[in-house]
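Participant: What shape does this take:
(2 chains)
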Amino acid sequence: KAGVTQTPRYLIKTRGQQVTLSCSPISGHRSVSWYQQTPGQGLQFLFEYFSETQRNKGNFPGRFSGRQFSNSRSEMNVSTLELGDSALYLCASSVDGFLYGYTFGSGTRLTVV
Amino acid sequence: AQSVTQLDSQVPVFEEAPVELRCNYSSSVSVYLFWYVQYPNQGLQLLLKYLSGSTLVESINGFEAEFNKSQTSFHLRKPSVHISDTAEYFCAVSGTNTGNQFYFGTGTSLTVIP
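Facilitator: Numbers count the residues shown, from 1 in each chain, chains lettered A, B, ... in the order given. Predicted coordinates for the structure are as follows:
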């Protein structure tokens, strides 16, 4: 069965631009979570969506936003990019939360120059 | 609030030797504990988890971890490592009051030396 698919794998953007990352969960999974991974801060939770509703949000500025579509696919948007936004962005999907297990995608490597 | 401390950032070990990766957590509520592994340029893969029941949990590739509530620890062990175990290992905690958010440790880089 197909895993969690994140596109694109690599992205280079200029400071001040905006970017949209995409995540296609495993079929049947309705919960999608996003994490930011950096060498300095490690893995930090961004937000979780379930059935098109944001259920939980981490401690990130409003420049970071997301949404989920009716087919459970999710997008994450970062506006007014800063150099510090350079990171690996990971998406994870689950049937409904960690009790059912989360499967992570391979991530999108964003570089802001 | 919940937090996870991985005491060792790097662990070198010879092939076929035993290894222990340490993880301590802090939480005021019931916790659920996880170990994830990350290979270069890949996402995280679940290695094992403790939700309830037996405090000793095992993975299919020989790793095991024991939930110790009194010491608030969830150390990962393997009696004999292989070259293919070289990777970054993350301990994570979630709980009944955290939604579905994982709190991750800073990771331990395990290097298996031939």
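Participant: So B:Phe90 sits against B:Gln45, correct?
Facilitator: No. Contact criterion CB atoms under 8 Å: B:Phe90 and B:Gln45 do not qualify, at 10.2 Å. (Glycine included, C-beta is placed from N, CA and C.)
Participant: what touches both of the two?
Facilitator: Counting by CB atoms under 8 Å, 6 or more residues apart in numbering or on different chains, the residues touching both B:Phe90 and B:Gln45 are B:36-38.
Participant: Could you pull out the strands in chain B for me?
Facilitator: B:3-5, B:10-14, B:19-21, B:24-26, B:31-38, B:44-50, B:56-58, B:64-68, B:73-78, B:87-95, B:103-104, B:108-113 (DSSP state E).
Participant: Sorry, slip of the keys, the one I care about is chain A.
Facilitator: Here chain A has its strands, by DSSP E, at A:5-7, A:10-13, A:19-24, A:31-38, A:42-50, A:53-57, A:64-68, A:74-78, A:87-94, A:103-104, A:108-112.
Participant: Let me have these in a markdown table, adding mean pLDDT and mean neighbour count as columns.
Facilitator: Output for those, formatted as a markdown table (pLDDT from 0 to 100; neighbours: other CB atoms under 10 Å in any protein chain shown):
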| stretch | mean pLDDT | mean neighbour count |
| --- | --- | --- |
| strand A:5-7 | 97 | 17 |
| strand A:10-13 | 97 | 13 |
| strand A:19-24 | 98 | 19 |
| strand A:31-38 | 96 | 23 |
| strand A:42-50 | 94 | 22 |
| strand A:53-57 | 93 | 14 |
| strand A:64-68 | 97 | 19 |
| strand A:74-78 | 98 | 21 |
| strand A:87-94 | 95 | 24 |
| strand A:103-104 | 93 | 19 |
| strand A:108-112 | 97 | 18 |
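Participant: Compare these and give me the one nearest B:Gly62.
Facilitator: Of all those, strand A:103-104 sits nearest to B:Gly62, with 21.6 Å by CB to CB.
Participant: residues contacting the residue positioned nearest the centre of chain A?
Facilitator: The residue lying closest to the centre of chain A (CA atoms, centre = their mean) is A:Trp34, at 3.4 Å. Contact analysis of A:Trp34 by CB under 8 Å, 6+ apart lists A:23, A:45-48, A:66, A:74, A:76, A:89-92.
Participant: cool, and A:Phe47?
Facilitator: A:33-34, A:54, A:56-58, A:60, A:64, A:66.
Participant: how does it look with 6 Å?
Facilitator: By CB atoms under 6 Å, 6 or more residues apart in numbering or on different chains, A:Phe47 lies in contact with A:34, A:54, A:57, A:66.
Participant: Specify which member of these is nearest to chain B.
Facilitator: A:Lys57 (8.9 Å; CB to the nearest CB).
Participant: does that closest one have beta-bridge partners, and which?
Facilitator: Note on A:Lys57: beta-bridge partners by DSSP bridges are A:Phe47.
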